[in-house]
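Enquirer: predicted model, plus sequence, below.
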Amino acid sequence: MSRTGTPATEEPRLTTRRVRRRRTPRHVVLAVPVALAGLISLLVSGNTLRPFDRITTLEARMASKSDYFRDPEVRRLLLAHGLRVDIHRLGSRGIATQSLTDTDVVFPSGQPAAKLILDRQDRSVRSVRPFVTPLVLGTFRDYAETLVRAGVATRQPAPDGAPTLYYDLDMPAFMGLLDGTDHGRATADQDHDGRTEGADTWNGIGYDTTGGHSNSGRVLVRTSSVCESNAAGTYLSLLAFVANGNSTPGTRDSGDPGTAREEVRALAARIRPLISLQGMWADDQADSYLSDLGESIAPLSLLYEHQYLAHQIAYQKQHGREDTARVLLYPTPYALTEPQLISLTDDGDRLVRVLEKDERLRERAIELGFRVRFSGEDGTSARLNAYLRAHAVQVPVPNADRTKSYEPDLDVLEQLITSIGTCPPPDRDAP
Amino acid sequence: MSRPHPGHPRGAVPFALCLALLTALLAACTNEPDHVTLRVLASPELADVEPLLGKLEEDTGVELAMEYEASADLAGRYPATGRPAPDLAWLASDRSFQLRVQDSGGRITRPESTAVMRSPVVVGLTPAAADALRAGTPGGRISWADVADAAAGGRLRFGMADPRRSDTGRAALVGVATAAAGTGGALRDQDVSCDRLRGFRSGQSLTADSSRALLAAYTAHPERADALIAHESELLSLNAGGRLREPLEIVHPDDGMVLSDFPLLLLDPRERGPYREVVDWLLRADVQRELMRRTHRRPVDPDVRPTGPLAEPVGNALSFPDRLSVVQRLVDDYGDPAHGTADQVVFLLDFSTSMRGGRIAALRAAFAGLSGADRTATGKFARFYRGERLTVVRFGGRVLQERTVTVRGDADLRTLDRIVTDGGFDDATAVWSALDRGYAIAAGAVRAAPRRPVAIVLMTDGENNAGLGYAEFLRRHRALGAAAAAVPTFPVPFGEADPSALERAARATGGRVVDARLSSLADAFKEIRGCH
């Protein structure tokens, strides 16, 4: 092993290294016979000219919805339309607040960021909202069961008495666990085991009473950066909605803008600890949650439903069973996110049109766990549910309490976000 | 646009072939990207990926020119200042850097960052040290608090990279400090306002700018430490290298650890194309498997099963603080690991007759707790430690007894215990005369060893009724000048003490009052440990 790569020896190594230039890579050699076979099959199928069409490469900025555009099947379908999408991945609010020069399309994961972007456009733009997905909390069975015992979560019924994948989460009660106090008191013996808990810790609500595991950490939801991510911003809206007595903050007409701002400030102060006690944010919650170390890193993480369902569908395909260790908490009230593909250039317009028209691209979205609205259908769930059922993945049922949390007005949300996160000011140059 | 293959539900076969043809044509003709060399600023411990870089170059045409430099937060390298700017950075952790970006108020652009592998910061112990530690813990589950306790007691010497220079050392420090705060959450400003790691630090016998250099130093001189704090991956590699007489036992502390995720950062956004190629390659299942095999880091790809010792779960991850100021405070307080200075505490203890009975028992218990009897996690961090100088002054209407010890072992702590237990009482309470004497001692200590921090703890259960008045004390205190000005007083009111008078003294000297009547004498003493 060449262990000499210290700065002192760096330069000689660089100069003596043989630089290989434009050697035919191995995959090319392998691909040639395949390509010939492909050419023959294309001649047969009558699509000969398509691969010789010009391929347009779009510069795109998106967050978690890059899951969709990075999917091999979606890429294949787009290539058939002569389109390729190069993705610069960053948070939705990050997209909205940074310069968008040289960008063809953006795909923020939710409406607040989409509105921020649309507000900045001088020209009328094409856009499409191909699907929706609810905000959820991903966790692990023992944690979910601890929350059931703590009286803040309930199991959704599973078919045939199988272990359920889904739980309903009572947000107001759950928020009582997040605030670091026991009904306002700083310390208490919450699970009556004779030891005083300094806060609402997992052990404090009884996680250590089941089966040899222990977690002295606080009950916390791990989120991505409030300053950059749509999921975290939507979660913030949900917390604010509940803390505001199940009503959207900033909607009460007090007649005085000063009073209204003061109310939002007070609300932000109340929910700040629920976010900030987690410490530093972490990007790509779903990647961490779904990784082998998920239970260590993020026993409770903020996700979109599609990320979890896509995992279960893939897991079922690969292992022939559900991943029963990972389970979902559906918050009540619930929050629905609606990603919006926004075109900023003529090439971007082409992608928007393709996504509007190509049914197969939208069908593929279902297979990736999104809820898609088809024309002539009432809701967005029917086809997803059918697909899950057909692929032996438990179907989540909507909670009887369908209270929906709406995002507050943009300026109210911005006030909440910037006062809770420490967010840099938006880059306001023309896109 | 019409659907290209209405007859085939998937249309997969012709299209896959079409794709292959396309790739082949483009590759063979014009669009094969030229060979690209990217300059990468890398954490020194990532030298272990070097053998894979040739394959990366072969597969993608991207050569990574690694420049190894220990860096805690890319300070001075991004945004670039003078020196040639790297295109990418590959760090053990970018958390400190990300906090610096956050604090820049938008002046520094946040680069794209992708986690490549994971490894927790753990402790590797010699088998003897591991056995000794385990024997003292219920259930044999070793925590950071146990490591700190053994270090403070002079029973464990450890090595750790310098948190000022190395992201690995910094992750280790944050892990230990989070455990010391014991809140179950991430560190906040109020959790680091006092330096709770002095006892832990007193056990550090080995350091280096990077953890790679640390491991080399340990391999050369294993007799210099009983334990190393570093990434699990580094310790597994060290054990596998066969250069140690006996492998280190790797312990995942029960109170949690910080996980590093070895992110690859795109510093020059113009290189996004090759950056994506490199990232996609590194995240390929076969590459993830190879990385795991060679470097003992855990894969980020959920489809790659960790094997061998990595199949064991790591336990609970600790959250990193969300404020740069918190990390900075920790690092500053920890100071230079190569030149530790133990501090001195002057305890002024009221032995007026009202202390007789329960109160003196409480005082004795508090001292016993700080001498190692307190087995709570916070107690293990707050205890008296090896090398610390402790002065005990008993007072009534005058100074009754005065004794200074430097803690070298249990015998010294027993000496203190005897003073607290056997001392006689006096009828009067001369609070300000006692504090005046305390400052004379403290000023002398500061003059003798200017780098040694000194603080005074003033415990009293009554009002001043003898000796100097407060005004006279203050005049004399000021006359002592700079040497006394550096020494804060932490009054601990107990029983019938007058908190308002003590409050004034605390304010005048830069300390603060910790009221033992709200908790206990033991808790009050614990709370002010390290607050100077």
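Expert: Sure thing, it's come through.
Enquirer: residue of the stretch 251-400 of chain B nearest chain A, please.
Expert: Using C-beta to the nearest C-beta, the single residue of the stretch 251-400 of chain B nearest to chain A is residue B:319, 3.3 Å away. C-beta coordinates here come from the backbone N, C-alpha and C atoms, glycine included.
Enquirer: from residue A:281, how far out is that residue?
Expert: Distance check for residue B:319 against residue A:281: by C-beta to C-beta, to the nearest Å, it reads 10 Å.
Enquirer: on that earlier part again, just checking, the residue of the stretch 251-400 of chain B closest to chain A touches residue A:278?
Expert: Yes. The criterion here is C-beta atoms under 8 Å, and residue B:319 meets it with residue A:278 at 5.8 Å.
Enquirer: shared neighbours, the two?
Expert: Residues touching both residue B:319 and residue A:278 (C-beta atoms under 8 Å, 6 or more residues apart in numbering or on different chains) are A:220, B:185, B:186.
Enquirer: ok, for residue B:206, nearest residue in space, not its chain neighbours?
Expert: Residue nearest to residue B:206 in three dimensions, not counting chain neighbours: residue B:159, with 3.1 Å by C-beta to C-beta, 6 or more residues apart in numbering or on different chains.
Enquirer: so what's the one you found up against?
Expert: Counting by C-beta under 8 Å, 6+ apart, residue B:159 touches B:204-208, B:214, B:217-218, B:224-225, B:227-229.
Enquirer: quick one, what contacts residue B:321?
Expert: Contacts for residue B:321 (C-beta under 8 Å, 6+ apart) come out as A:279, A:280, B:99, B:174, B:186, B:187, B:188, B:327.
Enquirer: state the number of residues packed around the closest residue to it other than its chain neighbours.
Expert: Using C-beta to C-beta, 6+ apart and skipping the chain neighbours, the partner closest in space to residue B:321 is residue B:187 (4.3 Å). When neighbours are counted by other C-beta atoms under 10 Å in any protein chain shown, residue B:187 registers 24.
Enquirer: residue B:187 touches residue B:326, doesn't it?
Expert: Yes. Applying C-beta under 8 Å, one finds residue B:187 in contact with residue B:326, separated by 5.1 Å.
Enquirer: next, count neighbours for the residue of chain B found nearest chain A.
Expert: Nearest residue of chain B to chain A (C-beta to the nearest C-beta) works out as residue B:186 at 2.3 Å. Counted by other C-beta under 10 Å, the residues lying close to residue B:186 total 24.
Enquirer: related to what we said a few turns ago, let's see the pLDDT reported for the residue nearest to residue B:206.
Expert: Predicted confidence (pLDDT) for residue B:159: 97.
Enquirer: helix, strand or coil for it?
Expert: Three-state call for residue B:159 (DSSP: H, G, I helix; E, B strand; the rest coil): strand.
Enquirer: quick check: it vs residue B:121, distance?
Expert: According to C-beta to C-beta, residue B:159 stands 13 Å off from residue B:121.
Enquirer: mutual contacts of those two, please.
Expert: Residues touching both residue B:159 and residue B:121 by C-beta under 8 Å, 6+ apart: residue B:229.
Enquirer: domain ranges for the chain?
Expert: The chain I'm using is chain A. For chain A, the domain assignment from automatic domain parsing gives the residue ranges A:50-132+A:337-390, A:135-336+A:401-420.
Enquirer: chain B was what I was after
Expert: As recorded under automatic domain parsing, the domains making up chain B are B:1-29, B:30-116+B:265-306, B:119-260+B:314-334, B:344-528.
Enquirer: tell me, how many residues neighbour residue B:155?
Expert: Here the number of neighbours of residue B:155 (other C-beta under 10 Å) works out to 15.
Enquirer: kindly report the same for the one 5 residues further on.
Expert: Per other C-beta under 10 Å, the neighbour tally for residue B:160 reads 30.
Enquirer: ditto for the one 10 residues further on
Expert: Other residues within reach of residue B:170, judged by other C-beta under 10 Å, total 28.
Enquirer: same deal with residue B:128?
Expert: Neighbour count of residue B:128, defined by other C-beta under 10 Å: 11.
Enquirer: can you tell me the closest non-neighbouring residue to it?
Expert: In space, residue B:128 is closest to residue B:226, 7.4 Å off (C-beta to C-beta, 6+ apart).
Enquirer: burial count for residue B:529?
Expert: Neighbours around residue B:529, by other C-beta under 10 Å: 24.
Enquirer: what's the distance between it and residue B:201?
Expert: 13 Å.
Enquirer: and residue A:273, by the same measure?
Expert: For residue A:273, the distance to residue B:201 equals 31 Å [C-beta to C-beta].
Enquirer: between these two, tell me which one has more neighbours.
Expert: Neighbour tally, residue A:273 and residue B:201, criterion other C-beta under 10 Å: the higher count belongs to residue B:201, 24 against 16.
Enquirer: just to revisit the earlier point, which element is the residue nearest to residue B:321 on?
Expert: Under DSSP states H and E, no helix or strand contains residue B:187.
Enquirer: which helix or strand contains residue B:394?
Expert: Residue B:394 belongs to strand B:389-395 when elements are defined using DSSP H and E.
Enquirer: how about that strand as PDB, C-alpha atoms only?
Expert: In PDB, the C-alpha atoms belonging to strand B:389-395 read as follows (Å, rounded to 0.1, in the frame of the first residue of the first chain):
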ATOM      1  CA  ARG B 389      -4.000  21.500  43.600                       C
ATOM      2  CA  LEU B 390      -6.600  21.800  46.400                       C
ATOM      3  CA  THR B 391      -6.400  24.100  49.300                       C
ATOM      4  CA  VAL B 392      -8.700  23.700  52.200                       C
ATOM      5  CA  VAL B 393      -9.100  26.600  54.600                       C
ATOM      6  CA  ARG B 394     -11.300  26.100  57.700                       C
ATOM      7  CA  PHE B 395     -12.500  29.300  59.300                       C
END
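Enquirer: which residues touch it?
Expert: B:342-351, B:384, B:399-407, B:416, B:419-420, B:423, B:426, B:430, B:433-434, B:437-438, B:441, B:445, B:452.
Enquirer: around residue 55, how many other residues sit close by?
Expert: All of this refers to chain A. Neighbours of residue A:55 under the rule other C-beta under 10 Å: 15.
Enquirer: actually it's chain B I care about, not the one you picked
Expert: Around residue B:55 there are 13 residues (other C-beta under 10 Å).
Enquirer: residue contacts, residue 399?
Expert: Picked chain A for this. By C-beta under 8 Å, 6+ apart, residue A:399 lies in contact with A:168, A:330, A:332, A:334.
Enquirer: actually it's chain B I care about, not the one you picked
Expert: B:393, B:433, B:434, B:437.
Enquirer: quick one: which of those residues has the most company?
Expert: Neighbour tally across the contacts of residue B:399 (other C-beta under 10 Å): the maximum, 30 neighbours, falls on residue B:434.
Enquirer: doesn't that residue lie inside a helix?
Expert: Yes. Counting by three-state DSSP, residue B:434 is located in a helix.
Enquirer: that one reaches residue B:458, doesn't it?
Expert: Yes. Between residue B:434 and residue B:458 there is a contact at 7.2 Å, judged by C-beta under 8 Å.
Enquirer: what touches both of the two?
Expert: residue B:348.
Enquirer: strands along the stretch 151-300 of chain B, start to end?
Expert: B:158-160, B:204-206, B:227-231, B:249-251, B:259-260, B:263-266, B:298-299 (DSSP state E, counting those that start in this stretch).
Enquirer: tally of neighbours for residue B:280?
Expert: Residue B:280 - counted by other C-beta under 10 Å - has 14 other residues nearby.
Enquirer: I am finished for the moment; much appreciated.
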